[in-house]
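**Q** sequence and computational prediction follow.
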Amino acid sequence: MTTGPKAIIIGAGALAVLGLVLVLLPGPTATFGWFAYQPVGDFGFVGGAPFVPASKLWGMGILAIAAVLAAFVVGWVLGKRRGLQEPGTGSIDRAPDVLA
């Protein structure tokens, strides 16, 4: 079975749509709250990296894979369109037969 550029483009497009859906989904909301007491009084929260939901991370990863696949297909199509050249045609090592 051979896989053509159209099939890869369709797959990359599907991955891109899936990645965008995952990135644009709203993040999870907090379902708890502290209202009656302070659970850890001697601990100060030191913020590090912001919380990023797993769905957004997966979405960004899938978008990156889709972009790599799309770039591969564009290079493949451009390379096939260029084709192979005969040795000596269009090269600078051969002098023209007639000077104009």
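**A** That came in fine, so what should we check first?

**Q** count the residues that sit near Gly79.
**A** 9 (other Cβ atoms under 10 Å). Heads up, the C-betas are built off the backbone N, CA and C, glycines and all.

**Q** all further residue positions should be reported with the first residue as 26.
**A** Got it, first residue is 26 now, which makes that one Gly104.

**Q** quick one: it from Val98, how far?
**A** Distance, Gly104 to Val98, by Cβ to Cβ, to the nearest Å: 11 Å.

**Q** joint contacts of those two?
**A** Counting by Cβ atoms under 8 Å, 6 or more residues apart in numbering, Gly104 and Val98 have no contacts in common.

**Q** could I get the average pLDDT for stretch 95-103?
**A** Per-residue pLDDT over stretch 95-103 has a mean of 87.

**Q** Ser36: neighbouring residues, count only.
**A** That one is not Ser; residue 36 is Gly. For Gly36, the count of nearby residues is 16 (other Cβ under 10 Å).

**Q** quick one: it from Val98, how far?
**A** 10 Å.

**Q** now the lengthiest helix in the chain: buried residues?
**A** Using DSSP state H to assign secondary structure, the helix with the most residues in the chain is helix 79-107. Buried residues in helix 79-107, counted by 16 or more other Cβ atoms under 10 Å: 80-81, 84, 87-88, 91, 94-95, 98.
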